[in-house]
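Colleague: Based on what follows, work out the 3D shape:
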Amino acid sequence: MKFGIGLATIASGSTPDGLALVAETAEELGFESIWSIEHVCMPVSYGSPYPYNPTGKVEAPLDAPIPDPLIPLAYLAARTERLRLATGVMVLPQRHPLQLAKTLATLDRFSRGRAILGIGIGWMREEFDALGLPFERRGARTTETVRAMRSLWKEGPSEFAGEFYRWSKLEQSPKPVRPGGVPIHLGGHTELAARRAARWGDGFMPQLDGPEEMKPLLEIMRAECERVGRSAAELEITAGSSHSLSLAEAKGYEAAGASRVFFVPSSRRAEKVAEALRRFADEVMTEFEVEEPAAPAGS
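Modeller: Here you go, the predicted structure:
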């Protein structure tokens, strides 16, 4: 089992010192990864229902700091040695594949192969409106963005022609450390998300609270893998919730098929989070065979 720090770049992780303390403590304790989140802005008034809260609203204040998801990970590349550096999740259809592929490849190079791209299609129409981007067909745009970035990550020049993006033959360098490019993990709580993950994801993050709630989506994912001729074992399953993770829940996620679970910090003080990480390691992680990250490439 792998253990990650979810929602890491808000609250205690929204400052350099706080994030460094959380990440360095996590690496010391054997955590495998740390995951940033993304909202480019928070409209003062929004009607789009937030799908992960019964109220339909984000719990945090509108002015709560939400740093860019990639810059803190680059900072942590210099502060840590083994911790995998992941977005969980980035709103992919808000990004242009040429620019994002370059940034991710650079992060992967400077972290010696530790980058993971966790993505979602987005839920807030008002955020897309502010960016001047279409909310409709964002799922199709996401799929095409993944195809486009993977074409750029292959060796040699590439060209691309799709519904949303196209360019003639060009070269983009550096390439990611791993030959297949930066691993892409799809987050979501819908059947469509499960099917997309099965078709082209390196991993799936079913964003539902509790192992039992997660199981139906995993069955859909496995059925879609079989339909497209792919082994479901190729996909890494990441699970967790927005509340404290108990030993029983972690065991339940493992039994359901998860290979990684999230610990989500609940304090605005990094020192308190570090203490909670140590308790979690003593009370939960010791009950598992913990898979720590491999040494970075080129080390």
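Colleague: how distant is the lengthiest strand in the chain from the center of its chain?
Modeller: As assigned by DSSP state E, the longest strand anywhere in the chain is strand 84-91. Mean-position distance between strand 84-91 and its chain equals 3 Å (Cα atoms, centre = their mean, to the nearest Å).
Colleague: Strand 84-91 and the following helix or strand past that strand, what's the angle between them?
Modeller: Counting by DSSP states H and E, the element after strand 84-91 in chain order, helix or strand, is helix 97-110. For helix 97-110 against strand 84-91, the angle by axes from the mean of the first three to the mean of the last three Cα atoms, to 10 degrees is 160 degrees.
Colleague: Please enumerate residues in contact with the next helix or strand after helix 97-110?
Modeller: Counting by DSSP H and E, the next helix or strand C-terminal to helix 97-110 is strand 115-120. With contact meaning Cβ atoms under 8 Å, 6 or more residues apart in numbering, strand 115-120 is reached by 33, 35, 73, 84-92, 104, 107-108, 142, 146, 176, 182-188, 203, 205, 238. Any C-beta I mention is one placed from the backbone N, CA and C, and that applies to glycine too.
Colleague: Name the strands paired with strand 115-120 and say parallel or antiparallel.
Modeller: strand 84-91 (parallel), strand 184-188 (parallel) (DSSP bridges).
Colleague: I'd like these laid out as CSV, including mean pLDDT, mean neighbour count and distance to A194.
Modeller: Formatted as CSV, those follow (pLDDT from 0 to 100; neighbours: other Cβ atoms under 10 Å; distance: least, Cβ to Cβ, whole Å):
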stretch, mean pLDDT, mean neighbour count, distance to A194
strand 84-91, 97, 25, 15
strand 184-188, 96, 24, 7
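Colleague: Any chance of the ones you listed in a markdown table with distance to R195 as columns?
Modeller: A markdown table is the format used below for those (distance: least, Cβ to Cβ, whole Å):
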| stretch | distance to R195 |
| --- | --- |
| strand 84-91 | 17 |
| strand 184-188 | 10 |
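Colleague: Would you mind listing the residues in contact with E38?
Modeller: Going by Cβ under 8 Å, 6+ apart, E38 touches I66, D68, P69, T87, V89, M90, V91.
Colleague: Would you check which pair of the residues you listed lies furthest apart?
Modeller: D68 and V89 (13.8 Å; Cβ to Cβ).
Colleague: picking that back up, considering the contacts of E38, which is situated nearest to A26?
Modeller: For the contacts of E38, the closest approach to A26 (Cβ to Cβ) belongs to T87, at 16.5 Å.
Colleague: That closest one and P69, how far apart?
Modeller: Distance, T87 to P69, by Cβ to Cβ, to the nearest Å: 5 Å.
Colleague: now do P54
Modeller: Distance from P54 to P69, by Cβ to Cβ: 26 Å.
Colleague: So these two - more neighbours on which side?
Modeller: Between P54 and P69, P69 has the larger neighbour count (other Cβ atoms under 10 Å), namely 23 against 7.
Colleague: Pop out the phi and psi values for that one.
Modeller: In terms of degrees, to the nearest 10, the main-chain angles of P69 are phi -70, psi -20.
Colleague: Could you do F262 as well?
Modeller: Per degrees, to the nearest 10, the backbone of F262 is at phi -100, psi 140.
Colleague: Now do the same contact list for it.
Modeller: F262 sits in contact with F3, G4, I5, G6, L7, W35, G88, T238, A239, G240, S241, L245, where contact means Cβ under 8 Å, 6+ apart.
Colleague: with those residues in mind, which one is nearest to E271?
Modeller: Nearest member of the contacts of F262 to E271, counting by Cβ to Cβ, is I5, at 15.3 Å.
Colleague: these two touch, right, the closest one and I37?
Modeller: No - counting by Cβ atoms under 8 Å, I37 is not a contact partner of I5; they are 11.5 Å apart.
Colleague: For those two, indicate the residue with more neighbours.
Modeller: I5 (30 against 20).
Colleague: Phi and psi next, for P211.
Modeller: According to degrees, to the nearest 10, P211 has phi -60, psi -40.
Colleague: Equivalent analysis for K169, please.
Modeller: Dihedral angles (degrees, to the nearest 10) for K169: phi -60, psi 130.
Colleague: Okay, it and G181: tell me how far apart.
Modeller: Taken as Cβ to Cβ, the span from K169 to G181 is 19 Å.
Colleague: Then S173?
Modeller: Distance from S173 to G181, by Cβ to Cβ: 13 Å.
Colleague: who's more crowded, the two?
Modeller: Neighbour tally, S173 and G181, criterion other Cβ under 10 Å: the higher count belongs to G181, 23 against 10.
Colleague: so how far is D209 from that one?
Modeller: 31 Å.
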